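> Just a sequence and a predicted model for now, questions to come.
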Amino acid sequence: MTSVEPGNRPVALAQADDSPDVAYAERARRLGLPFAREVRLDPGAAVDLAAIRRGTFAKSPGSAGLAFVAPAEETLPDIAHWLARYPAARDRLSVATPAAIRTALIDAGSARFAANAVNRLAILYPDLSARRVVTGGQIVAGLGLAAAVAFAAHAALVPTVIVLNLTGAFFFFGVSVLRFIAAGFVRGRTLDDADGAIDEADDDLPVYTILVPLLNEAHLVADLVTALGRIDWPRHRLDIKLIVEAGDPATIEAARVWGQGPPFEVLVVPDGEPRTKPKALSFALPFARGDFVTVYDAEDQPHPQQLREAYRTFLRSTPEMACLQATLAVDNGAASLVAQLFEIEYSALFDGLLPTLAALDMPLPLGGTSNHFRRVALAEVGGWDPFNVTEDADLGLRLARFGYRSATLDLPTLEEAPATLGPWMRQRTRWFKGWMQTWLVHTRHPLRLLHELGWRRFLGFNLIGTGLIVSALIHPAYLATLLVMATDPLTLWGDGGAFAAMVVGVNLFNLFAGYTAMAALATRTLELRGNRRAAWALVLLPVYWLLMSLASYRALIQLVVRPHKWEKTPHRGRQRPRR
C-alpha cells in the first residue's frame, strides 16, 4: 500500500467556503469519495489554530490514519489528479464540511484550549489577572490603613468619622458631577441615521465573528438564532460561535438543532473551574476567524444594522480605536417596577454616561454584551479575564492601559431586564464584586497605572471605578442622615459643633445632588429615544439606590469568601412554539 507523507496531501484553499452540506456531498460524489457528516479523530491528532481557522483538512495520527478534506470547487481537479496518483488514499480519505472539520479539531485539542483559556492572561500579564484577588502588598497596605483608622478613631472618634465621611463625599459628588456633565452632553446629541451605508461590496467586507456564550438557556436559542438571522451582513462573511458548556446537554442539543450549518458553529467548553462567561469567551476567541469580534447574550436582539454601524465607525477611526460599545436598551421595562428602574438606569448609562466618557477619551466600563472589537487588539491585551466576574469593565480599562481607545454606537441591542428582585440582586452583587475585583487588580501598582493612563484617564478611572463603589456603600448613611434630620434633628448636632453641622450639610447636599443628577440625566436619555413613559419611576430612585447599597455590601462579603463565584442571571425569553 502506498504511504502518504504529511506533505503529500490534497491541496485546498487557504480558507474554505462554508457551503451547505449538500454542496460538499456533491463534491464527494464527483471525487468518488465518501461524505462524512461528522468527523471523528483518533487520540493524538495534530491540532493547530491555523488548521482550525481554515477548516480544510484533518487527519488522525499515524500513516494509516483516516483523513478528511473540505475541498473548494476550484480545487477539485487538483484533488482528482492527486487521487489518481495515490489511489490507495481513497480508503482513508473522506469529504466533510469545514464546520465538521473545525469541530473535530477543536474537540481533539479541547483540554489544551481550555487550559489556555484559563491561564492565558495570567501567563501574559500576571499583574492584570484577577486569579489572585489581592496581593501580599495590598494586604499589608490594607491592614496598615485599617490599623491607622482604628488608632485615629480611638484617639479622636468624631474627627476620624468626619474625615472618612468627607472622603466618601468626594467620590459621591464626583459621580454626581459627571452625571450633570453627561446630562448636558445628551442635550446636544443626535442619534445615528441607521442607513448602514458602506461603500464596499458584500464580497469585500471582512469576516465578522459573533460570540454568544450560553448556559442553561436552551429555551432562548430559537429566538437568538432568529435575531441573529436579521443582522444585515453577508452570511458568507459571518462567523457565529454558539458557546455552550459541557455540563449543559439541553443547551448543547438546542444549539446543534437551531444552529445547523453556516454561519453557525457550536463550541463546547470542557467542564472545569472557573465556570464563568469570560472563560467561555476566552475559550472561543482563538477560533474566531473574523477581523472584528462582537459578543451577544442569549436574550439579545441586536439592531440589524449594528454591525454595519460598527464597521463604518472602525473605518473612519485610527487603529487605536479598539472597541465600540453599542447601546443596551431594556425591552421589558413594563414587566415590573424592578425592570422599569433597571430600564432607567440602562438608559442613563448607555445613552448618557458612556458616550460622555468616550467623548472625554476616558476608559469605558464596557457592558457585558454588544461590544465590538478589533480582534488583533483584543488578542494583544490578553482577551477576557476568566476570573473577573465583570470581565467587561476590566477589559475596557485594560484596553486603555495598552493605549487603545473605546467609543459608543447608537444602534441598540434590546435586552431583557430582571423582572423580580432575587435575580436582580444576584446580578447586581456580581457587578459590584467585579468592579471591586477590577479596582483591586488595576491599583496593584498605582504609579505604573498612572504612567500608562496619564493623569486625566487615571483620575477618570478613580472617579468612576472608585466612585460607583463608594457611592453605593455610603448612600445608606446619607439616607439615614435625612431620616434622622426629619424625625429628631437635635440627635445629629450633639453639642452643636461646627464640624457636625458641616457633615450633616455635606451629606444632605450630596444626597439631593445625586438624586437630581441622576434624574436630569435619565430624563434626557429617555427623551432621546422617545421613551418618556418610564420617567415616572424616578420617584423610587431612593429605594432603588438603597437596594444597590445592599447589593454592594453583599458583594463585599462575597469578595472575601467566594471571589470568583458567578451568579448567572436567568432570562425568560419570548415564548414561541417548538420547532
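Perfect, thanks for sending it.
> Name the nearest residue to the residue nearest to the spatial centre of the chain, ignoring sequence neighbours.
Closest to where the C-alpha atoms of the chain average out (C-alpha atoms, centre = their mean) is residue 368, at 3.3 Å. Computed as C-beta to C-beta, 6 or more residues apart in numbering, the closest residue to residue 368 that is not its neighbour in sequence is residue 392, at 4.6 Å. Where C-beta positions appear, they are placed from N, C-alpha and C, glycine not excepted.
> who are the neighbours in contact with that neighbour?
By C-beta atoms under 8 Å, 6 or more residues apart in numbering, residue 392 lies in contact with 365, 366, 367, 368, 371.
> do residue 242 as well
212, 214, 221, 255, 259, 264, 265, 266, 267.
> Same question for residue 464.
Residue 464 is in contact with 175, 178, 357, 362, 363, 365, counting by C-beta under 8 Å, 6+ apart.
> Tell me which two in those are the farthest apart.
Pairwise distances across these peak at 15.0 Å for 175 and 363 (criterion: C-beta to C-beta).
> who's more crowded, the two?
For residue 175 versus residue 363, neighbours defined as other C-beta atoms under 10 Å are more numerous around residue 363 (25 against 22).
> contacting residues around that one?
By C-beta under 8 Å, 6+ apart, the neighbours of residue 363 are 357, 396, 397, 399, 400, 406, 453, 457, 460, 461, 464.
> From the residues you listed, pick the one nearest residue 208.
Nearest to residue 208 out of the contacts of residue 363 is residue 406 (C-beta to C-beta; 18.2 Å).
> Next, the closest one: secondary structure please.
strand (DSSP: H, G, I helix; E, B strand; the rest coil).
> Let me know how buried the residue lying closest to residue 253 once chain neighbours are set aside is, in neighbour terms.
Leaving aside its sequence neighbours, residue 253 sits nearest to residue 218 (C-beta to C-beta, 6+ apart; 7.0 Å). Neighbourhood size, residue 218 [other C-beta under 10 Å]: 19.
> Give me the distance between residue 273 and residue 282.
Distance, residue 273 to residue 282, using C-beta to C-beta, to the nearest Å: 13 Å.
> Let me know whether the residue nearest to residue 253 touches residue 254 as I believe.
Yes. Between residue 218 and residue 254 there is a contact under C-beta atoms under 8 Å: 3.9 Å.
> Name every strand pairing with the helix or strand hosting residue 410 and say which way it goes.
In this structure, residue 410 sits in strand 405-415 according to DSSP states H and E. Using DSSP bridges, strand 405-415 pairs in its sheet with strand 301-302 (antiparallel), strand 321-330 (parallel).
> Any regions of the stretch 1-150 of the chain where pLDDT drops low?
Along the stretch 1-150 of the chain, segments meeting pLDDT under 70 span 1-20, 63-64.
> residue ranges with poor pLDDT in the stretch 401-550 of the chain?
489-497.
> circling back: so what pLDDT did the residue nearest to residue 368 get?
Looking at residue 392, its pLDDT is 93.
> What helix or strand is it located in?
Per DSSP H and E: helix 391-401 holds residue 392.
> got the angle between that helix and strand 321-330?
When axes from the mean of the first three to the mean of the last three C-alpha atoms, to 10 degrees is applied, the directions of helix 391-401 and strand 321-330 differ by 150 degrees.
> Please state the offset of helix 391-401 from the chain centre?
Centroid displacement of helix 391-401 relative to its chain, using C-alpha atoms, centre = their mean, to the nearest Å, is 10 Å.
> which parts of it are buried?
Judged by neighbour count using 16 or more other C-beta atoms under 10 Å, the buried positions of helix 391-401 are 391, 392, 393, 394, 395, 396, 397, 398, 399, 400, 401.
> Stretch 322-337 now?
322-333, 335-336.
> now do the same end-to-end measure for that stretch.
37 Å (C-alpha to C-alpha, to the nearest Å).
> returning to what we had before: show me which of the contacts of residue 464 is closest to residue 243.
residue 365 (23.2 Å).
> Which of the three states applies to that closest one?
With three-state DSSP as the criterion, residue 365 reads coil.
> Next one: the nearest residue to it once chain neighbours are set aside relative to residue 464, how far apart?
Of all residues not flanking residue 365 in the chain, residue 393 sits nearest, at 4.1 Å (C-beta to C-beta, 6+ apart). Residue 393 is 9 Å from residue 464, where distance means C-beta to C-beta.
> tell me the domain boundaries of this structure?
Structural domains assigned to the chain are 21-107, 109-579, following automatic domain parsing.
> roughly how far out does the last one sit from the chain middle?
Distance, stretch centre to chain centre, for domain 109-579: 8 Å (C-alpha atoms, centre = their mean).
> Backbone dihedrals for residue 169, both of them.
Backbone geometry at residue 169, expressed as degrees, to the nearest 10, gives phi -60, psi -40.
> dump the residue contacts of it.
Contacts for residue 169 were tallied using C-beta under 8 Å, 6+ apart; they are 474, 506, 507, 510.
> for the helix or strand harbouring residue 29, packing partners?
Assigning secondary structure by DSSP H and E places residue 29 in helix 21-31. Contacts defined by 3 or more C-beta pairs under 8 Å, 6 or more residues apart in numbering; DSSP states H and E place helix 21-31 against helix 76-85, strand 93-95.
> average model confidence for the helix or strand containing residue 162?
For residue 162, the host element (DSSP H and E) is helix 157-187. Average pLDDT, helix 157-187: 90.
> Specify the next element, helix or strand, located C-terminal of the strand holding residue 410.
Heading C-terminal from strand 405-415 (DSSP H and E), you reach helix 421-442.
> List the buried residues for that following helix?
423-442.
> So residue 386 sits against residue 117, correct?
Yes. Applying C-beta under 8 Å, one finds residue 386 in contact with residue 117, separated by 6.2 Å.
> more crowded one of these two?
Neighbour tally, residue 386 and residue 117, criterion other C-beta under 10 Å: the higher count belongs to residue 386, 28 against 24.
> who's in contact with the nearest residue to the more buried one once chain neighbours are set aside?
Leaving out its chain neighbours, the residue that sits closest to residue 386 by C-beta to C-beta, 6+ apart is residue 279, at 3.6 Å. Residue 279 makes contacts with 117, 118, 269, 384, 386, as judged by C-beta under 8 Å, 6+ apart.
> any idea which helix or strand carries residue 279?
Under the criterion of DSSP H and E, residue 279 resides in helix 277-284.
> mean confidence for that helix?
Here the average pLDDT along helix 277-284 is 96.
> Following element in sequence after that helix, please.
Proceeding N to C from helix 277-284, the next assigned helix or strand is strand 292-295, under DSSP H and E.
> What is that next one packed up against?
Counting by 3+ C-beta pairs under 8 Å, 6+ apart, strand 292-295 packs on strand 208-213, helix 306-316, strand 371-374, helix 375-380.
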